[in-house]
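> 3D, please:
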Amino acid sequence: MSEKKYFRQQAPFRVPTTDGKLIEEHIGLASTHTSAYSVAHMVAPPHWSEPHQTPEFDEITIVVRGRKRFEVDGDLIELAAGESLLIKAGARIRYSNPFEEECEYWSICVPAFSPATVNREDA
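Have a look, this model is predicted:
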């Protein structure tokens, strides 16, 4: 019998957080031990932010609902629902949701997101 050529994710890995952000990894190191890429669904609460980071992976963000702010190498970018952004590895980034409403989005990282390669700065 051959191995199936698909994988149906019915129980994504819920990343424990302390800042109110929902992170559900559907494919990636934590959920499926996939290192080539990761796919995560996220909901950032109002007034949420992360410290600056310089990831060693490319990251695509697709906003589904609300707005999200990005500081990328000194440039300020705001995405709204239906918009996407590709940030290349090595850029200095800060993610935030300074707005009054939640921001729901999907994140795809190539290679997969890893705490060891995100390179977060001290808050």
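> show the contacting residues for the residue nearest to the spatial centre of the chain.
Per CA atoms, centre = their mean, the C-alpha nearest to the average position across the chain is that of S107, at 4.0 Å. Going by CB atoms under 8 Å, 6 or more residues apart in numbering, S107 touches S38, V39, A40, M42, E59, I60, T61, I62, F113. In this view, the C-beta of every residue, glycine as well, is placed from N, C-alpha and C.
> and for E78?
By CB under 8 Å, 6+ apart, E78 lies in contact with R67, K68, R69, F70.
> please name the bridge partners of the residue nearest to the centre of the chain.
Taking DSSP bridges, one finds A40, T61 as the beta-bridge partners of S107.
> from G82, how far out is it?
Distance, S107 to G82, using CB to CB, to the nearest Å: 16 Å.
> go on, V15?
For V15, the distance to G82 equals 25 Å [CB to CB].
> and for I27?
23 Å.
> show me what contacts the closest residue to F70 other than its chain neighbours?
Computed as CB to CB, 6 or more residues apart in numbering, the closest residue to F70 that is not its neighbour in sequence is I77, at 4.5 Å. Residues near I77 by CB under 8 Å, 6+ apart: R69, F70, E71, L85.
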